[in-house]
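Asker: I would like the atomic coordinates for the input below:
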Amino acid sequence: MRAEAVLLTTDVRLPESDERVCDEAGAIFEELRTPLLRYLVSLGLRLDEAQDLVQEVFLRLHQHLLSDGARDNLRSWIFRVAHNEAVNLHKSGFKRAFRRAVNWCYALEDRIYPGADPEQIALESERLSRLTAAVRRLPEVQRNCLNLRTAGLRFREIAIVLGLSTTTVADNLNKAIARLRKELA
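Answerer: Numbering: from 1, shown residues only. Now for the predicted structure:
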């Protein structure tokens, strides 16, 4: 009897529209999971917190798509939801310390390549340490703009996520890059 019940539950098929939503959400998840995770870690979340939040954001995306929510700029929508949830997490007291950009080098980790000699690895590690420290010293809005840009968002999408104008995003990115160039020269 139990085996039949299990077989019956596995034979249940979703309506075709729900399958399309699952496929669409799954494709977006595969594309944005890593950039979103890196962005959340750059906001100071621990890796486990960021992973939980990524799952929550994509569950909300699935619900959004099932309810025929707007699809015009899902990437910005996803990052905005994640940003808001990270802020709420910080405000709610679950987060003890807001460690922005401590792990910013996640966005750059693929630059250290396997097979490098120890001297190359040491030089690259030193350079990443200097860059991480310089990024930490940036004003918060510049850091957030830079982190979202490294996650692959366009200026318009960054503006939506942070609630800024596109011009303000461009100005902050230009200032951040100029400051980093000056500090790292």
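Asker: from residue 130, how far out is the spatially most central residue of the chain?
Answerer: The residue lying closest to the centre of the chain (CA atoms, centre = their mean) is residue 36, at 1.8 Å. The span separating residue 36 from residue 130 equals 26 Å under the rule CB to CB, to the nearest Å. C-beta: built from backbone N, CA, C; applies to glycine.
Asker: now do residue 34
Answerer: Residue 34 is 24 Å from residue 130, by CB to CB.
Asker: then residue 160?
Answerer: Using CB to CB, residue 160 is found at 32 Å from residue 130.
Asker: who has more neighbours, those two?
Answerer: Comparing residue 160 with residue 130 by neighbour count (other CB atoms under 10 Å), the higher total belongs to residue 160, at 20 against 13.
Asker: all helices of the chain, in order?
Answerer: Using DSSP state H, the helices of the chain run over 2-10, 16-42, 47-66, 74-91, 118-136, 140-150, 155-162, 166-184.
Asker: for the last one, packing partners?
Answerer: Helices and strands touching helix 166-184, as assessed by 3 or more CB pairs under 8 Å, 6 or more residues apart in numbering; DSSP states H and E, comprise helix 118-136, helix 140-150, helix 155-162.
Asker: and the first one, what does it pack against?
Answerer: Using 3+ CB pairs under 8 Å, 6+ apart as the contact definition, the elements that helix 118-136 packs against are helix 140-150, helix 166-184.
Asker: any idea of the mean pLDDT in the longest one?
Answerer: Within the predicted structure, the mean pLDDT of helix 166-184 is 90.
Asker: any residues touching that helix, and which ones?
Answerer: If you take CB atoms under 8 Å, 6 or more residues apart in numbering as the criterion, helix 166-184 is touched by 130-131, 134-135, 137-138, 141-143, 145-146, 149, 155-156, 158-159, 162, 164.
Asker: rerun that using 7 Å as the cut-off
Answerer: 130-131, 134, 138, 141-142, 145-146, 149, 155-156, 158-159 (CB atoms under 7 Å, 6 or more residues apart in numbering).
Asker: now those residues as a markdown table including pLDDT and distance to residue 82?
Answerer: Below are the contacts of helix 166-184 laid out as a markdown table (pLDDT from 0 to 100; distance: CB to CB, whole Å):
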| residue | pLDDT | distance to residue 82 |
| --- | --- | --- |
| 130 | 87 | 28 |
| 131 | 84 | 24 |
| 134 | 89 | 25 |
| 138 | 92 | 20 |
| 141 | 93 | 17 |
| 142 | 93 | 19 |
| 145 | 90 | 15 |
| 146 | 89 | 16 |
| 149 | 87 | 15 |
| 155 | 89 | 18 |
| 156 | 89 | 17 |
| 158 | 90 | 13 |
| 159 | 91 | 16 |
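Asker: closest to residue 87 out of those residues?
Answerer: Residue 87 lies nearest to residue 141 out of those, by CB to CB, at 13.5 Å.
Asker: look up how far residue 78 lies from the closest one.
Answerer: Residue 141 sits 20 Å away from residue 78, taking CB to CB as the criterion.
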